[in-house]
Structure formats: structure tokens, C-alpha cells
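> make a model of this:
(one chain, ligands or ions: 1)
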Amino acid sequence: MSIREISRRFGAIQALDGISLDFPAGSFTALLGPSGCGKSTLLRLIAGFEAPDAGSIRFGSKTVADPLRQVPPEKRGVGMVFQSYALWPHMDVAGNVSYPLKTRGLDRASIEARVGEVLAMVGLEGFGSRRVDELSGGQRQRVALARCIVADSGIILFDEPLANLDIHLRATMLDAFRHIHRATGATIVYVTHDQGEALALADRIAVLDRGRLLQVGSPTEIYRAPVHVNVAGFVGRGAIVSAQVLGHRDGMAEVEVTGLRIAARTADTKSGPARILLRPEALALSHAGLRAVVKSSTYRGPVHELRLSLETGEEILLDDPQARGIGEHVHVAISDAWVVPG
Ligand SMILES: Nc1ncnc2c1ncn2[C@@H]1O[C@H](COP(=O)(O)OP(=O)(O)OP(=O)(O)O)[C@@H](O)[C@H]1O
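Got it, this is the predicted structure:
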């Protein structure tokens, strides 16, 4: 599937602004970005609930949407798992799941066999005769998922499917989604504003901001080498601080950060003022290094997250095994840094 130069405006709001993105067959792409950046609009355009003002959407060689043509949603063969499950509450589980097969005129025995197989796949073996309104949120999600699998949708769209589930169910459903992706080979587009979900699930992450695509890449690329400060700020913890690039050696930038010289990863060969990204796991308290003052110390499970203030007034985050006192003077060693382009 590919989208080319897609734009969509609602009155004064440019919800999508010239987005081009390829979704290779069998890929699992997470669309990530702050509220209002256009994620759901993009999904609705792929599903066929919205039409683009400009640009085109192709499924393989077939154009399903451009400003002149619009294939209706039911003819696109796209499966959808949304937050509000869109199931028929009065029907039992098997009735909901078998619906796409009935419309294809399959015989009863084959339908039953296929429904049983798919319910087992989503961990709902033996749930066929249960009413949907007697199920938990997570179980309903699984029914919606089973219905997509039964329909054999080559493309499955997820819109914040875990948003109203508790933390334990979320973990179980993450496993279910991974399993379904492997088992069906479907092309999956997954909208979330939870970066943890995106990093854990997707093989590609596309980061949107105000209707524009900022970056698309593997979770590690997005985390380690964000191409824009808004990507760096949105994905993962960390801080962006001002620095000077003095020169380059062996593909690395020589950088000065408030008096300390370090080597930083970089994508270009520019020198002069720059901004660098410092992730907490690349920082450690040390006898020498950046001078900083502890601003806050928050226990986060096994570590204490320290918020430290540098001499420039900029702040960084660091994880330390011990709690530290507010106002304590410390030194910070840096083992990895990234020069944010632009
Ligand atoms: N039908 C509509 N009418 C008017 N404005 C709309 C409509 N749909 C979306 N918008 C606007 O377009 C922008 C993008 O909305 P969209 O729902 O795609 O964002 P989102 O990234 O999915 O946000 P969230 O994470 O909050 O769901 C927002 O400013 C929204 O208010």
C-alpha cells in the first residue's frame, strides 16, 4: 500500500499536509504523534471514511482514492480494530466472528471450523456461544481481531485499540497483536499516542506532527537517531541541550557541551552551534564530567530518575541506583550523544 502527497483540510485546519508514505506488504507500521497531528484522519482515509483533497492512495497497483475517485470502505477489504469495538452486542461471539464468512456464502461446517480455529488463535477457545455484552474489554478486542482474521483482510487498521484497557490486559493484547501479525502476514497500520506501544510492536514507526510526516524508520532509528527535535522530544525520555560542533573525526562529531568535550553520533558534517540529544541510559554520575545540580529525584521502580540542571540552566535526566538530595552538586559522564539535525 502506498500513499502519495495526501492532504486533507477541515475548514481552517490542515489535518494532513502532503504526506507520502509506503507500507510494504506484511509490514507493521505505527503512526505516532501528539493529539491532533492527523493520525486518525490518515487511518480514516486508508479505510475510505474520508476522501483526500489532494494526493492518492494505492493498494498494490489499484488506486482506491484520489480527488476524483473514491472506492467505498466495504469494497476495500480493510479490517479495522478500533477502541469502540464495533461489534454487534446482541449476537454471540461466533455470530460476530463468522459474519464476513456468511456474506461469502460458505457452508455451515466450514464456517464453524474456521471460526473455531480463529477463536483459538486469539485465545478465545470455547467462547463461541458467549454474548458479546458479557465479555470484558480485552475479550471484545479479541473478538474484533478474530473478525479481521476471518475476513482475511490483507490490511488491518488499529486505532488506539488499547486506550481503554488496564495495564495487564494491554501487555496480553500486545502479545496477541504480535502473534496475529506473524500468523496472518497482514499489512498493519497501528495508530497510537503511546510511544511504548509503538516501540514494542511495530517494525516501522512514522512520526507525524501538525499534519506532516517528520520521520519514518525502525524503532531503533527513531529512538537513537531522530531527525527532528520534535521526534526526539516525543519518543523516549531524554533531553536536548545546546552544544558546539567543533569538527568531525571517524564519522563522529567532536562536540563541546558546557565546557566538556565529547564524541557524538551525527548524520552530517556541519560545524557550529547544534543541539544534542542525551538519553538517560547514556549518562552516569561520575567523578568528572558535566557539572550539574540535582533538581529532583523520583523513584521509578529499580532506579531513581534524577532531573539535573546544567550551568546553562538546561536540564537533563539520568537514572541512578540511589536517591539524591535536592541541591546536591554532581558530575555527569556521557557515553553516547546524538547531534539532532537542523
Ligand atoms: N471531521 C472533522 N471536522 C473538523 N475537524 C476535524 C475533523 N476530523 C479531524 N479534525 C481535526 O483535524 C486534526 C487532526 O485530527 P485527528 O483526529 O486526525 O488527530 P489525531 O492525531 O488522531 O489525534 P488524537 O490522538 O487526539 O486522536 C485535529 O485538529 C482535528 O480537530
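> going forward, measure contacts between C-alpha atoms and count neighbours the same way
OK.
> what about the closest residue to residue 50 other than its chain neighbours, neighbour count?
Leaving aside its chain neighbours, residue 50 sits nearest to residue 44 (5.7 Å; criterion: C-alpha to C-alpha, 6 or more residues apart in numbering). Close neighbours of residue 44, defined as other C-alpha atoms under 10 Å, add up to 16.
> quickly find the element holding residue 44.
helix 39-47 (DSSP states H and E).
> ditto for residue 177
Assessed by DSSP H and E, residue 177 sits inside helix 167-184.
> which strands and helices sit next to that helix?
Secondary-structure packing of helix 167-184 (3 or more C-alpha pairs under 8 Å, 6 or more residues apart in numbering; DSSP states H and E): helix 137-150, helix 195-201.
> single out the most deeply packed of those helices.
Of all those, helix 137-150 has the most neighbours on average by mean count of other C-alpha atoms under 10 Å, namely a mean of 23.
> helices and strands around that helix, which ones?
Using 3+ C-alpha pairs under 8 Å, 6+ apart, helix 137-150 sits against strand 78-82, helix 93-102, helix 108-121, helix 167-184.
> the helix or strand just after that helix: partners in the sheet, and parallel or antiparallel?
As assigned by DSSP H and E, the chain's next helix or strand after helix 137-150 is strand 155-159. Strand pairing for strand 155-159, determined by DSSP bridges: strand 78-82 (parallel), strand 187-192 (parallel).
> dump the ones you listed into TSV; add distance to the ligand as well.
Shown next, in TSV, are the strands paired with strand 155-159 (distance: least, C-alpha to the nearest ligand atom, whole Å):
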stretch	distance to the ligand
strand 78-82	12
strand 187-192	7
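> comparing the ones you listed, which yields the minimum mean pLDDT?
Here those differ in mean pLDDT, and the lowest is strand 78-82 at a mean of 83.
> and the angle from that one to helix 137-150?
If you take axes from the mean of the first three to the mean of the last three C-alpha atoms, to 10 degrees, strand 78-82 sits at 180 degrees to helix 137-150.
> any residues touching strand 78-82, and which ones?
Applying C-alpha atoms under 8 Å, 6 or more residues apart in numbering, the contact partners of strand 78-82 are 47, 141, 144-145, 148, 151, 153-161.
> now swap in stretch 285-300 and tell me
Contacts for stretch 285-300 (C-alpha under 8 Å, 6+ apart): 257-260, 304-311, 320, 323-334.
> filter those residues to the buried ones?
With burial judged by 16 or more other C-alpha atoms under 10 Å, the buried subset of these is 257-258, 304-310, 320, 324, 330-334.
> any idea which of those residues is the one closest to residue 15?
Nearest to residue 15 out of the buried ones among the contacts of stretch 285-300 is residue 307 (C-alpha to C-alpha; 35.3 Å).
> now do the contacts for that closest one.
Residue 307 makes contact with 294, 295, 296, 297, 315, 316, 317, 318, according to C-alpha under 8 Å, 6+ apart.
> phi, psi for the second one please.
Torsion angles at residue 295 (phi, psi; degrees, to the nearest 10) stand at phi -100, psi -40.
> measure it to residue 90 for me?
Applying C-alpha to C-alpha, to the nearest Å, the value for residue 295 to residue 90 is 56 Å.
> how about the fourth one?
If you measure residue 297 against residue 90 using C-alpha to C-alpha, the figure is 52 Å.
> compare these two and say which is more crowded by neighbours.
Ranked by neighbour count (other C-alpha under 10 Å), residue 297 and residue 90 place residue 297 first, with 21 against 11.
> burial measure for the residue in the stretch 101-250 of the chain that the ligand sits nearest to, as a count.
Closest to the ligand within the stretch 101-250 of the chain is residue 193: 6.0 Å, counting by C-alpha to the nearest ligand atom. If you count neighbours by other C-alpha under 10 Å, residue 193 ends up with 21.
> quick one: it and residue 37 touch, right?
No: with contact defined as C-alpha atoms under 8 Å, residue 193 does not count as touching residue 37 (10.0 Å).
> for the stretch 151-300 of the chain, list the residues in contact with the ligand, please.
Proximity of the stretch 151-300 of the chain to the ligand (C-alpha under 6 Å from any ligand atom) is limited to residues residue 193.
> shaky segments in the stretch 151-300 of the chain?
Within the stretch 151-300 of the chain, the set of residues satisfying pLDDT under 70 is empty.
> how does it look with 80?
Judged by pLDDT under 80, the stretch 151-300 of the chain has its weakly predicted residues at 163-169, 173.
> so what's the spatially most central residue of the chain closest to, chain neighbours aside?
Among the residues of the chain, the one closest to the centroid is residue 198, at 3.1 Å (C-alpha atoms, centre = their mean). The shortest distance from residue 198 to any non-neighbouring residue, by C-alpha to C-alpha, 6+ apart, is to residue 30 (5.6 Å).
> contacts only, for that neighbour.
With contact taken as C-alpha under 8 Å, 6+ apart, residue 30 is in contact with 189, 190, 191, 192, 198, 201, 202, 204, 205, 206.
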